[in-house]
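Enquirer: heads up, no residue letters with this:
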Ligand code: G4P
């Protein structure tokens, strides 16, 4: 019997410190976590488990690639796909977004929109992923709520349509006005926010004397928003024109249940997905999934390799033999796991929207499709505008063959982009990445997996622009720039900074110098 409960698969996009881990825990607290052995055990060792997970991230230098936290809420199965965050912002952080149907943009009320959030938001926009905005830390002094709405509209060009509006300014969080019902949802603090925070719903006439002034302000602002056409419209939300907004304090557990309700009520369920040839795979068709992330070296005692895939259609059953689209070969799924934090669980069955991890999946690469029944091949996961560049060379020239094979493999997997030029030759190609920690992954895998330790030398470039063969010629000799070619044939002009790039564009208006989109 396949699991027919509806799915919601989403990710949280945020800047480090906005409260993503706190929110994740709070969400799990409200829900029944399916992966019982997973990250959340309940109140007692709540802190310990999360810090374990982080310690492990630190020890490895890379995210532990927690795949997804799965839980049940109101008879829905919710998959929270983890975006590796913190300092190891990398291609993986972006790629996770190809595996979700919606995103929660978590904003620190005291800081507003921050760079990493904006970068991730752009990927969502490019991929048409609807975004729900949560203004977090309302229990602390912060910006004004209307000011924050302005900032969102200015910076990301989405119309914010608040569903709740704070009663009490930032730092004096009394509750929210539910803009759909007009009720006051009053919050009561609990020690440490470790239990579900009690909420009391009341009509306007029941508001306590002590809250009357804050309530009046909230009501005024709510009316202003209505006059300004800032009410939720489901069609516009799904079309990526608006973002529903809510106010919360993840730490105090305020607004967390509302967020879950919102996800269930508004966020899209998994839907039909098109293959490269345009064929549409319906969710109820035969099983298919695509790999959005590959990680190896998670267990140093043996060579392992996990390929994380999102189920697009059909039902996955452990032990199924599926077809690997890019090779046409059979792939046995004897070992499939779900994973979050430290614990892994064997997956017996998975439905569209769920994330599965294939163990020892040497053959699977990022972007690969596996399927049963009619052939389907999903589009490749896009590459991203790199901002960090190094040259790589084999430490032991006698192992050049292994070096070349390793670099080729990491390029194909999308761990890094490999750039070459006649000038630099094949012995020391340039590696380009979104985040610098990606290079540590390369070093580790080159040493342990491909047995060719490498030497990486940082290059001063920070910006890549797309150009063409003609541009490559014209830019040769231009100070502070270098043109290299990516394996897919694209010419990339690298510049020390964006000022040089803009200057080159000004001085050579005929040369193609196109910004690379943050997701393609
Ligand atoms: P991240 O995963 O997005 O990086 O953020 P994380 O949850 O680790 O939260 C970063 C800091 O912000 C933590 O404080 C956390 O307690 C705090 N925080 C998260 N949500 C809220 C909130 O709603 N209100 C308030 N006031 N603080 C919040 P820390 O001091 O770095 O860690 P800790 O010692 O408190 O654990």
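Expert: Perfect, I can see it now. Note that the structure is predicted; figures quoted are calculated from it, not measured.
Enquirer: Residue 441: neighbouring residues, count only.
Expert: 24 (other C-beta atoms under 10 Å). C-betas here are computed from N, CA, C, even on glycine.
Enquirer: ok but it is inside a helix, no?
Expert: Yes. Counting by DSSP: H, G, I helix; E, B strand; the rest coil, residue 441 is found in a helix.
Enquirer: Give me the helices and strands touching the helix or strand hosting residue 107, please.
Expert: For residue 107, the enclosing helix or strand under DSSP states H and E is strand 102-108. Counting contacts by 3 or more C-beta pairs under 8 Å, 6 or more residues apart in numbering; DSSP states H and E, strand 102-108 packs against strand 7-14, helix 20-30, helix 115-127, strand 131-136, helix 256-266.
Enquirer: so which of those gets nearest the ligand?
Expert: helix 20-30 (3.4 Å; C-beta to the nearest ligand atom).
Enquirer: Could you list the buried residues of the closest one?
Expert: Buried residues in helix 20-30, counted by 16 or more other C-beta atoms under 10 Å: 20, 21, 22, 23, 24, 25, 26, 27, 28, 29, 30.
Enquirer: again, but for stretch 220-233
Expert: Those would be 221, 222, 225, 230, 231, 232, for stretch 220-233 by 16+ other C-beta under 10 Å.
Enquirer: Now do the contacts for the last one.
Expert: Meaning residue 232. By C-beta atoms under 8 Å, 6 or more residues apart in numbering, the residues touching residue 232 are 161, 163, 179, 180, 242, 244, 266.
Enquirer: Quick check, pLDDT for it.
Expert: On pLDDT, residue 232 comes in at 96.
Enquirer: State the distance from it to residue 27.
Expert: 21 Å (C-beta to C-beta, to the nearest Å).
Enquirer: pLDDT-wise, which helix or strand of the chain ranks last?
Expert: One helix or strand of the chain scores below all others by mean pLDDT, DSSP states H and E: helix 46-60, with a mean of 39.
Enquirer: which is the next helix or strand following it?
Expert: strand 68-73.
Enquirer: Partner strands of that next one and their direction?
Expert: strand 32-33 (antiparallel), strand 76-81 (antiparallel) (DSSP bridges).
Enquirer: Low-confidence regions, the stretch 401-520 of the chain specifically.
Expert: Across the stretch 401-520 of the chain, the ranges flagged by pLDDT under 70 are 517-520.
Enquirer: repeat for the stretch 151-300 of the chain
Expert: 191-197, 296-300.
Enquirer: Tell me where it has strands.
Expert: 159-162, 164-167, 175-178, 184-187, 199-202, 242-247, 273-274, 280-281, 288-296 (DSSP state E, counting those that start in this stretch).
Enquirer: want to throw these into a markdown table with distance to the ligand and mean neighbour count?
Expert: Converted to a markdown table, the strands of the stretch 151-300 of the chain look like this (distance: least, C-beta to the nearest ligand atom, whole Å; neighbours: other C-beta atoms under 10 Å):
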| stretch | distance to the ligand | mean neighbour count |
| --- | --- | --- |
| strand 159-162 | 18 | 22 |
| strand 164-167 | 12 | 25 |
| strand 175-178 | 14 | 24 |
| strand 184-187 | 12 | 22 |
| strand 199-202 | 16 | 14 |
| strand 242-247 | 10 | 25 |
| strand 273-274 | 30 | 16 |
| strand 280-281 | 34 | 18 |
| strand 288-296 | 19 | 26 |
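Enquirer: can you tell which of those is closest to residue 400?
Expert: Among the strands of the stretch 151-300 of the chain, the nearest to residue 400 by C-beta to C-beta is strand 288-296 (22.2 Å).
Enquirer: The helix or strand following the closest one: partners in the sheet, and parallel or antiparallel?
Expert: Per DSSP H and E, the first helix or strand lying C-terminal to strand 288-296 is strand 305-313. Using DSSP bridges, the strands paired with strand 305-313 are strand 288-296 (antiparallel), strand 355-359 (antiparallel).
Enquirer: tell me the angle of strand 305-313 relative to strand 7-14?
Expert: Relative orientation of strand 305-313 versus strand 7-14 (axes from the mean of the first three to the mean of the last three C-alpha atoms, to 10 degrees): 130 degrees.
Enquirer: Could you list every helix and strand that the helix or strand just after strand 305-313 packs against?
Expert: Following strand 305-313 in sequence order, the next helix or strand is strand 316-317 (DSSP H and E). Packed against strand 316-317 by the contact rule (3+ C-beta pairs under 8 Å, 6+ apart) you find strand 349-350.
Enquirer: so who does the closest residue in space to residue 233 that isn't next to it in sequence touch?
Expert: Leaving aside its chain neighbours, residue 233 sits nearest to residue 242 (6.3 Å; criterion: C-beta to C-beta, 6 or more residues apart in numbering). Applying C-beta under 8 Å, 6+ apart, we find residue 242 in contact with 158, 159, 160, 161, 232, 233, 236.
Enquirer: in the sheet, who's paired with residue 242?
Expert: Beta-bridge partners of residue 242, as defined by DSSP bridges: residue 159.
Enquirer: For the residue of the stretch 251-400 of the chain found nearest the ligand, which residues are in contact?
Expert: Closest residue of the stretch 251-400 of the chain to the ligand, C-beta to the nearest ligand atom: residue 251 (3.4 Å). Counting by C-beta under 8 Å, 6+ apart, residue 251 touches 19, 22, 26, 137, 139, 193.
Enquirer: ok, and which of the residues you listed reach the ligand?
Expert: Restricting those to those near the ligand by C-beta under 6 Å from any ligand atom leaves 19, 22, 137, 139.
Enquirer: could you dump the residues you listed to TSV with pLDDT?
Expert: Output for those, formatted as TSV (pLDDT from 0 to 100):
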residue	pLDDT
19	92
22	89
137	98
139	95
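Enquirer: Show me which positions of stretch 312-320 end up buried.
Expert: Neighbour-count burial for stretch 312-320, counted by 16+ other C-beta under 10 Å, picks out 312, 313, 314, 315, 316, 320.
Enquirer: Pull the most distant pair out of those residues.
Expert: The largest separation in the buried residues of stretch 312-320, counting by C-beta to C-beta, is between 312 and 320 at 14.6 Å.
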